[in-house]
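1. I'll drop the sequence and a predicted model, then ask my questions.
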Amino acid sequence: MFSVIFPGQGSQIVGMGKEFYEKYDLVKNLFKEADDTLNFPISKLILEGPKEELDLTANTQPAIFILSYSIFNVVKNEFNIDLNKAKYFAGHSLGEYSALSCAGYLGFSDTLKILRIRGDAMQNSVPKGQGGMVAVLGSTVENIEKILKNNEQKFTAQIANDNSEGQIVLSGKNEDLDKLILILKESSIKNIKLPVSAPFHCSLMSKATEIMTQELNKLSFKDVENKLISNVTAEEISNTEELKTLLIKQIENRVRWRESVNNMINNGVNHFIEIGPGKVLSGLVKRINKEVKIDTINNQEDIENLRI
C-alpha cells in the first residue's frame, strides 16, 4: 500500500523540471497555463531563474506546485501508472496544496492562484528581517516544549515543523530566537538558523490567516474519494468543509509531518512516493521509519523505475 507525498518550500532549484518540459507537451501546456493564470512568466523563472527571485516565497510556492503537478500528470498520463490507487495523499506545508490538487479536490489554476496569494500573505505578515526560523537537531518535541514552557517569561517561540525524529523547526521574532539559541547552546542542543524570509507556521502569521480565511472561503472544493492527511491534525481529512478549516489553521499551526508519516504507516502504508523537486521528504521518511520503501520522482529515469 502506498502514499503519494509532495514537498514544500526549500526544495526549489533553478532548472527544475527542464527534462520534462522539453520532452512532454503536457508539461509545456501546464507551464503556459501557469504563465497565463499568474500573468507573469513563472515558467521562465522556474527554468532559467534568477535564483533570488525563485526563492521569494510568493514565487516559490506556485513554482514547486507547478512542478509537482506536472510530474504527477506525466506519471499518470504518459506512463499509465495509476497514482490514484494511493491510500493517502499528503504534503509538507505548501505541499499539502499539491496533494489536494493532484488528488482532485481543486483545479490547477485555482491552486496556482491561491498559492500565489498565500505566498504574498505569508511574506507580508511580518516586516522583513523581524522574524525567522531555527532548526533544532538531535532533540525531541517533548524536550523542546519543556524548554519553551520554562522560558515563556523570557521569550516566545513556537514549534513550526515536527519533521522527523531529531529534526524540529521553531519560528518566532529574531530577538526571541537569539535568546532561544543561547539556551539551546547551554543545553548542548545543536541548532541552525535557517535562511528564510519570514517566521512561518506560528502566531506571527495572523495577518496571513485573515487573508487566507477570506480567499479559501471563496473556493469550492470537489468531493473526491482520494484521502488527504492534514498537516494540522496528522490525520485523515473527513470532508471538504474540514479541509477548508484545516488549511486556514495550517498557516499558524505546527506541521506534524513525523506524526503524519507514522499514522500512514500505522494504517498500512509501506511505500512512499515523493513527487516534486528534491528529496527532502524521502530523507525525513527514512529517519522516521527505515523499513518502508521510498521512491523519489523528479526525472524520467525515476518514473521508469517506479513499481507500485
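-> Right, received. Where do you want to start?

2. residue 163 contacts residue 169, correct?
-> Yes - using CB atoms under 8 Å, residue 163 makes contact with residue 169 at a distance of 6.6 Å. Every residue, glycine included, has its C-beta placed from N, CA and C.

3. let me see the contact set for residue 32.
-> residue 43 (CB atoms under 8 Å, 6 or more residues apart in numbering).

4. kindly provide the distance from it to residue 282.
-> 30 Å (CB to CB, to the nearest Å).

5. ok, residue 111 next?
-> Taken as CB to CB, the span from residue 111 to residue 282 is 23 Å.

6. these two - which one has more neighbours?
-> residue 111 (22 against 18; other CB atoms under 10 Å).

7. give me the three-state assignment for that one.
-> Three-state assignment for residue 111 (DSSP: H, G, I helix; E, B strand; the rest coil): helix.

8. who's in contact with it?
-> So residue 111 contacts 65, 69, 97, 98, 100, 101 (CB under 8 Å, 6+ apart).

9. tell me which residues touch the first one, please.
-> If a contact means CB under 8 Å, 6+ apart, then residue 65 has 94, 97, 98, 101, 111, 112, 115 as its contacts.

10. what secondary structure does it sit in?
-> helix.

11. that one and residue 170, how far apart?
-> 26 Å.

12. which residue, other than its chain neighbours, is closest to residue 42?
-> residue 34 (5.4 Å; CB to CB, 6 or more residues apart in numbering).

13. tell me which element that neighbour falls in.
-> Taking DSSP states H and E as the definition, residue 34 sits inside helix 25-38.

14. output that helix as PDB, nothing but the C-alphas.
-> Coordinates of each C-alpha in helix 25-38 appear next as PDB, following Å, rounded to 0.1, in the frame of the first residue of the first chain:
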ATOM      1  CA  ASP A  25       3.800  18.800 -24.500                       C
ATOM      2  CA  LEU A  26       1.600  18.100 -21.400                       C
ATOM      3  CA  VAL A  27       4.200  19.900 -19.300                       C
ATOM      4  CA  LYS A  28       4.700  22.700 -21.800                       C
ATOM      5  CA  ASN A  29       1.000  23.300 -21.700                       C
ATOM      6  CA  LEU A  30       0.800  23.300 -17.900                       C
ATOM      7  CA  PHE A  31       3.700  25.800 -17.700                       C
ATOM      8  CA  LYS A  32       2.000  28.000 -20.300                       C
ATOM      9  CA  GLU A  33      -1.300  27.800 -18.400                       C
ATOM     10  CA  ALA A  34       0.600  28.800 -15.200                       C
ATOM     11  CA  ASP A  35       2.100  31.900 -17.100                       C
ATOM     12  CA  ASP A  36      -1.400  32.900 -18.300                       C
ATOM     13  CA  THR A  37      -3.100  32.300 -14.900                       C
ATOM     14  CA  LEU A  38      -0.500  34.300 -12.900                       C
END
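
15. nice, that's everything, thank you.
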